[in-house]
Each structure stands twice: as C-alpha cells, then as structure tokens.
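Student: What follows is a predicted protein model with its sequence.
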Amino acid sequence: DDRTYHVVGVEPLVDNEEFVHHFVLRGCSEGTDAPGEPIPDVESMIVQCLEFLYVWAPGTGNFSSPKNGGIPVGKSTRRLGGELEIHYDNPLGKKGQRDSSGVRIHLTPDLRKDEVGILWSGTIVNVGLLPPKMDTIYSSSICQLSINETAAPGGVQVFGYMPHIHLTGRRIWTDRLVVKSRGRPSNGSFVTDLSELEKVDELSRDDAYDFNLQRFSRMAPTPLRDGDFLATTCIFNTMDRVEITSGGLGSYDEMCSAIYYYYPAQALEDMLFCSGPRYFGTSLPRDVTSFMEIADADDVGTAVPKWRQAYLSGELQCDSTGLNSVDIIYKSLSPEFWDEIEKTCGKASATALNFGGDAQAALWECSKDCARLLYNHLGCALLEDAVQDDGTAFSLYASPLEGLVEEKCHEKFMEIHQEDKVSPVDASQG
C-alpha cells in the first residue's frame, strides 16, 4: 500500500499473561516483512525501530488518540513498518510455555491535524538499591523539557498517561515546576539550584498503584512549555523482600516511569526520555506530596549538578565527539563510543551504563580518564552537539545515563573541573 495513514487506536491481544511482562510496539524506518520469524540480531532491528508507538503492561487497556491527532505511518512518513518487542518474565523457570500475544492496530487514511508522540519521565532502571523490610523508600528524578514552540505555539498538549513501576511500587506522581520569577523565562537559561523553582501543578498522580492495573488513562489536554521541569517520584514498599531489590527490566527488579502521550510530536521528538538527577532514600520526614519537599530533605541537596552548571556556563568546553549518533541503550547506534567506554572505563561500566542496572554498577570503579570521557559525552549532548543520521538533535540532556555517571564518577569530575575549567571570557572566545 503506497498511502499514508494515521494510527488512531491500538488493542492489546495478550495470550499468556503470566509470562508476558510488557511489550512495546515500535515504528520502523524500513519495511518489516518477516512476520513470525526469529530475528538473529534483535539490536540491529531495533536500530531501525526507535520510536515507541504503544506500550502494554499488566492492566493496560486500549490506546485511542484524540479526534485531532494520530500517529502517521506508511508512505511519506518515517514509519514504513512496525516491530512488536515482547519482554517475558519467568522467575520460576517453568518450561514448555508458549505465547501468541500481539496487537490490533486501527488505521485511518483520513489524516488528522496533529501527530501524537510518547514521552517517558522518571528513571528506567537506575532507581537505586532498595533494601528489604522497608515500608517507605523514595526515588525521584527531575529534568527540564526542550520543546520547539515554533512547531507548537504554546507548547505541547498531554492527553494520556500510564504509570509503570514493578511489584514493590505503591505511589507515583509527576510534578511540573517552573522558575519562580515570572519575568525570567526558563527557555534559554538554566538554574543553579532547585530552590529557584516552584511547583505549579501535577501532571499525574497515582496513590494506590497496582502492578496489575497499569491502565492507559485519558486526561484533559494539559500544556507543557519549553523550559518546564518534570519531577517524577515513586514510593516503594519492600516489607515482603528478604534481599536488596535493584533496578532492572524484570518484574522482581524495579523501575519508576510515567509514560505520557502528547501532541504535536514534532515539538518534542528529540526527547524520548526525561530523566535527570536522582534523589533516593529509605525514609521520609513526613507524608510528602511534592518533589520539592523531598529535595529539601534529601542529603543530595537542591544544587543543580556541577557538571551541568560547568558546561552550560562555559566553564568547561565540549570536545566534539565526532559521532553522528549517540544512544544510551543500543550500542549499535554508536559502536565507536561504546567501544571507547569499554576500553577506557572497563567492561563492568559499559554493561552498567548500557541498561545493566544497579547490580552491575556496583562492580564499576570510575577512573579520571573514564570520568573525562563520560562527562564530555554528557556535556556535548547537553549542548545538543550530537545529532542523529537524519540531522535532528538527539539530546541526552535528561539521560538515564546521567544518574549513574554522577553516582560513580562525581569525585573524579570535580578534579577534572578544577584542572580544565576556563573563565567565561575565554569560553566565549573559544
């Protein structure tokens, strides 16, 4: 078929729900015409299929787009095919299990006004190491949005939401924050301390989270503006655990993600994940209801990470990576960079940074050379030096990579900062 369509609905068809942990329907830049056949190198396939179109987890129902929006697929779009990536979880090692799960996709040739996109806010696997027998553990992260308001005057509109935590999750919410001074625009500036921010509202909240009821929920269109901050917090309970729970993709690991559907996608397509500095602890001084209460009480403090301040102010210069693609998950998108990580930082660091989770991170010791490589990479991405093959920016401004690098390499970074920083005058001349 040589026409262009809009995806306006997706129905999950889950067969063996005991073992299907979650699945992701992705849009692919090339046609996919091998239904049912095993893919020997799944990572090479995913390189062509980076965009999330629909995410299912236990309890998720149908996806339906608003009347003014849809997801373009087919001719004259960047989605010429699709891939369904299914993740299974079999903690008891049961044998002989089969599954034929899938999706039913609803298309229309009558194209609608707006394109729909998906944004993940929170942490993917770097939630922290959750100790057992604790009734309250918090994990929070904050990031700043970069929205093209030329493509979307007034910002993007969020119309749908789905929480995703695993079995120990009890509560999840996302605060929207802005710079306190209304006369000071967030766009084009940066804050040095989170105390400069104020909470204006909540994008979503679920105080009775149930892993088996992760429903997609429609919400009244809610605007997000360029420079807004999103802070996603999860509360966990590990009273029934006897060992430490680490971050990871399995049901018995943990995640903390809020998934948002918005339009128009063109205004935010560079930022698939919104996950910045992490706040983590095993007790709360009170029944908190906002991220700022956590930041005020947490030992991390409210200062914006020094590496961000250094690159944004010009104290440190970005040494161009020379890469035309930078990726935090799939090594095949930027193999030279990941080879350099393994060479400079060691295999344990490469595994941990490439979605290895907290358990792998514990095996990694960060050297100064490793810190220099990783922080330069983050700095270049923060300044949107890295671009994808099609020329669009792929900023790691809110990368899940940041939390782990900060945790393991911060002390070495401070040494580098003292050695390499230049004055703002020198920076402007360079």
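Tutor: It's in.
Student: show me what contacts the closest residue to Ile259 other than its chain neighbours?
Tutor: Take Ile259 and drop its neighbours on the chain: the residue closest to it by CB to CB, 6 or more residues apart in numbering is Met162, 4.5 Å away. Glycine gets a C-beta too; all of them are placed from N, C-alpha and C. Listed by CB atoms under 8 Å, 6 or more residues apart in numbering, the contact set of Met162 reads Val55, Ala57, Thr60, Gln214, Arg215, Phe216, Ser217, Ala258, Ile259.
Student: Which neighbouring elements make contact with whichever helix or strand the last one is part of?
Tutor: Assignment of secondary structure by DSSP states H and E places Ile259 within strand 256-263. In terms of contacts (3 or more CB pairs under 8 Å, 6 or more residues apart in numbering; DSSP states H and E), strand 256-263 is packed against strand 117-123, strand 156-165, strand 169-179, strand 197-206, strand 229-236.
Student: Could you identify which of those strands is most buried?
Tutor: Mean neighbours per residue, mean count of other CB atoms under 10 Å, is largest over the helices and strands packed on strand 256-263 for strand 229-236, with a mean of 26.
Student: what angle do it and strand 156-165 make?
Tutor: Relative orientation of strand 229-236 versus strand 156-165 (axes from the mean of the first three to the mean of the last three CA atoms, to 10 degrees): 20 degrees.
Student: helices and strands around strand 229-236, which ones?
Tutor: Counting contacts by 3+ CB pairs under 8 Å, 6+ apart, strand 229-236 packs against strand 117-123, strand 137-144, strand 169-179, strand 256-263, helix 291-297.
Student: Mind giving me the packing neighbours of the third one?
Tutor: This means strand 169-179. The contact analysis (3+ CB pairs under 8 Å, 6+ apart) places strand 169-179 against strand 117-123, strand 197-206, strand 229-236, strand 256-263, helix 291-297.
Student: Adding distance to Phe413, write those out as a markdown table.
Tutor: Shown next, in a markdown table, are the helices and strands packed on strand 169-179 (distance: least, CB to CB, whole Å):
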| stretch | distance to Phe413 |
| --- | --- |
| strand 117-123 | 20 |
| strand 197-206 | 24 |
| strand 229-236 | 23 |
| strand 256-263 | 25 |
| helix 291-297 | 21 |
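Student: Please tabulate the ones you listed in JSON lines and include mean pLDDT and distance to Thr4 as additional columns.
Tutor: Shown next, in JSON lines, are the helices and strands packed on strand 169-179 (pLDDT from 0 to 100; distance: least, CB to CB, whole Å):
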{"stretch": "strand 117-123", "mean pLDDT": "85", "distance to Thr4": "17"}
{"stretch": "strand 197-206", "mean pLDDT": "93", "distance to Thr4": "31"}
{"stretch": "strand 229-236", "mean pLDDT": "92", "distance to Thr4": "32"}
{"stretch": "strand 256-263", "mean pLDDT": "91", "distance to Thr4": "17"}
{"stretch": "helix 291-297", "mean pLDDT": "83", "distance to Thr4": "41"}
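Student: Compare those and report which one is nearest to Val156.
Tutor: strand 256-263 (4.6 Å; CB to CB).
Student: Neighbouring strands of that closest one in the sheet, and parallel or not?
Tutor: Strand pairing for strand 256-263, determined by DSSP bridges: strand 117-123 (antiparallel), strand 156-165 (antiparallel).
Student: on that earlier part again, for Ser141, see how far away the residue nearest to Ile259 is.
Tutor: 18 Å (CB to CB, to the nearest Å).
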